[in-house]
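Enquirer: after the sequence you'll find the predicted model.
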Amino acid sequence: MNDSRGYLNKRRRRDSEAQDGFLIQGEGGKKSKGLDEIITPLLFLEEQEKHEIEEAEKARREEMLKFEENHGMRSRAMMDCYSEIQDFYNDAEKNDVTRKRKVRANAFAAATSVTAAIGISSVAGADSGSIEKPSSAAAGNDQPATVGPQRRLWVKNRSKDWWDQCNSPDFPEEDFKKAFRMGKETFDLICNELSSAVAKENTMLREAVPVRQRVAVCVWRLATGEPLRLVSKKFGLGISTCHKLVLEVCSAIKTVLMPKYLRWPEEETLRRIKEEFESSSGIPNVVGSMYTTHVPIIAPKISVAAYFNRRHTERNQKTSYSITLQGVVDHRGVFTDVCIGYPGSMPDDKVLENSTLFQRANAGLYQGVWIVGGSGHPLMDWVLVPYTQPHLTWTQHAFNERIGEIHRIAKDSFARLKGRWGCLQKRTEVKLQDLPVVLGACCVLHNICEMRNERLEPEHAFEIFDDEMVPEITLRSMDAMRARDAIAHNLLHHNLAGTSFLC
């Protein structure tokens, strides 16, 4: 009896324990099921976020590829346009040369016929004189034979009083400077240098224009920018003659004077330029300051859109067309390199990329030196530009102030260039294909005046308004970025930075 009771008790305990275990197991299953319901959405969100990141990265890469493709297409289109323009002007120049040859041939034929007519009339007069008056011819053997007046080509009489007065030794120096933007000694120097290139000989039909008058016509035209009809009245010459003289003298300046007065400095001169820039700014290895300006032109007959200057049009509220003039100057404001003639719609960084300066840099000629540019130029291994991003640090502000002082040298030099040569301030009558030669002559004459310390009169001062556009790609070299940061920290560390940015 006791055994049966004990057996029943044991069995009851086992059933109770089994039931308790089942309950515990059921509660644990519910807990694990709840965790699964929480973890599953988290994993899904993580996968979704990862997918979105991958999609965004893919879209960014596609956008970058599309941007590079568009950039390449725009560059190629611009270069093709420039090539077409160059081909057009080359053909026009060839046609112009052919036309001039025909004109010269016709003029020579006319002169030959006139000479022959004069010779025939002289011979006929001599023969008739000997037949009608033999005794007088015999009696006059001891007297020299008289020669009748030579026939000359008809030339309109024009007053040259103004030029004769300027060319007089008694003409005041200050008045000469106001008229020609240089002193008499500098003008005489230019005349002597160009004498062999521009001098012409007298002919039987007319006397040649003297060298001093030839140079004066060109210099006065460049200095004042006055139309050719006024140049004609001032110097007593024809309008077409004045136009021809301006182009001839400008071409002679490019051929004779440019290799001497506008060239990249030698090693010793570069060392002195570096020292001057470093002593004034604290930035080492600077050999030049670069700036790009625009010269207004009349709307061209072809590729009008390429020469359209949108920034000047918006500012002046008047349709403007221009060509670019990029220049590098030393610490005195003397040009050491120029690039002239690219269309006005081309930004500063594109002008730089297509210049000879850029080609020489790619050849490794400017290693270890800096040419300071503006915010419109990219940062490269040899081009040092200011920081352009927003929210600059004190170090970056200080660097921008110092580099701005160097860049201002180039801008002030261009202001003196345009102030001295008024033809650069307004649209000119010169053809587009001839403008690079004329602008190059202005740069050479500017250098001569700067080297000889020719002071620009206050009434000729000019203020430049060239809007700089930040390039699409501002950084071209990581090494240049690190070098710029090092220069900026060095300026602040050695107390070489300015303090105006704190005001």
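Expert: The structure has been received and is ready for your questions. None of these values were measured; they are calculated from a predicted model.
Enquirer: pLDDT weak spots in the stretch 151-300 of the chain?
Expert: Counting by pLDDT under 70, the ranges of the stretch 151-300 of the chain that qualify are 151-157.
Enquirer: what are the phi and psi values for Ser322?
Expert: Main-chain torsions, Ser322, degrees, to the nearest 10: phi -160, psi 170.
Enquirer: separation between it and Ala197?
Expert: Computed with C-beta to C-beta, to the nearest Å, the distance linking Ser322 and Ala197 is 30 Å. The C-beta positions use only the backbone N, C-alpha and C, and glycine is treated the same way.
Enquirer: those two: who's more crowded?
Expert: Here Ser322 and Ala197 are compared on neighbour count by other C-beta atoms under 10 Å; more neighbours surround Ser322, at 21 against 15.
Enquirer: so what's that one closest to, chain neighbours aside?
Expert: The shortest distance from Ser322 to any residue other than its chain neighbours is 3.4 Å, reached at Gly344 (C-beta to C-beta, 6 or more residues apart in numbering).
Enquirer: count the residues that sit near that neighbour.
Expert: By the measure other C-beta under 10 Å, the count of residues near Gly344 is 21.
Enquirer: and what of Met469?
Expert: Tallying neighbours of Met469 according to other C-beta under 10 Å, which is how burial is gauged here, yields 12.
Enquirer: just use 7 as the starting number from now, easier for me
Expert: In the new count, where the first residue is 7, that last one comes out as Met475.
Enquirer: thought it was touching Asp354?
Expert: Yes - with contact taken as C-beta atoms under 8 Å, Met475 and Asp354 are classed as touching, separated by 7.0 Å.
Enquirer: and for the two, which residues touch both?
Expert: Shared contacts of Met475 and Asp354, defined by C-beta atoms under 8 Å, 6 or more residues apart in numbering, comprise Gly382.
Enquirer: so where's the stretch 407-509 of the chain uncertain?
Expert: Answering for the stretch 407-509 of the chain: the residues below the bar, that is pLDDT under 70, span 473, 501-509.
Enquirer: same thing but 50
Expert: Scanning the stretch 407-509 of the chain with the threshold set as pLDDT under 50 gives 507-509.
Enquirer: ranges for the helices of it?
Expert: With DSSP state H, counting those that start in this stretch as the definition, the stretch 407-509 of the chain shows helices at residue ranges 441-457, 484-499.
Enquirer: would you mind identifying the next helix or strand past the longest strand along the chain?
Expert: Scanning the chain for the strand with the most residues, using DSSP state E, yields strand 292-303. Moving toward the C-terminus from strand 292-303, the first helix or strand encountered (DSSP states H and E) is helix 310-313.
Enquirer: in that next one, which residues are buried?
Expert: Residues of helix 310-313 classed as buried: 312-313 (neighbour count, 16 or more other C-beta atoms under 10 Å).
Enquirer: show residues contacting the helix or strand that comes right after that helix.
Expert: Sequence-wise, the next helix or strand beyond helix 310-313 is helix 316-322, with elements assigned using DSSP H and E. By C-beta under 8 Å, 6+ apart, the list of residues contacting helix 316-322 from outside reads 300, 302, 325-326, 328, 350-351, 471, 473, 475.
Enquirer: of all pairs in these, which one is the farthest apart?
Expert: Of all pairs drawn from the contacts of helix 316-322, the one with the longest distance (C-beta to C-beta) is Thr325 and Met475, at 19.3 Å.
Enquirer: partners of the longest strand of the chain in the sheet?
Expert: With DSSP bridges as the test, strand 292-303 is paired with strand 327-335 (antiparallel), strand 376-378 (parallel).
Enquirer: can you map out the helices along the stretch 207-356 of the chain?
Expert: Across the stretch 207-356 of the chain, reading from the start of the chain, the helices by DSSP H, counting those that start in this stretch fall at 217-230, 234-241, 245-258, 264-267, 273-287, 310-313, 316-322, 354-359.
Enquirer: for Met296, which of those is the nearest?
Expert: Met296 lies closest, by C-beta to C-beta, to one member of the helices of the stretch 207-356 of the chain: helix 354-359, at 7.8 Å.
Enquirer: what packs against the closest one?
Expert: With contacts defined as 3 or more C-beta pairs under 8 Å, 6 or more residues apart in numbering; DSSP states H and E, the packing partners of helix 354-359 are strand 292-303, strand 327-335, strand 341-349.
Enquirer: which one, of these, ends up nearest to Leu497?
Expert: Within the helices and strands packed on helix 354-359, the stretch nearest Leu497 is strand 292-303; the backing value is 12.8 Å (C-beta to C-beta).
Enquirer: would you list the helices of the stretch 207-356 of the chain in a markdown table and tack on distance to Asp387?
Expert: Below are the helices of the stretch 207-356 of the chain laid out as a markdown table (distance: least, C-beta to C-beta, whole Å):
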| stretch | distance to Asp387 |
| --- | --- |
| helix 217-230 | 37 |
| helix 234-241 | 47 |
| helix 245-258 | 36 |
| helix 264-267 | 28 |
| helix 273-287 | 17 |
| helix 310-313 | 30 |
| helix 316-322 | 29 |
| helix 354-359 | 13 |
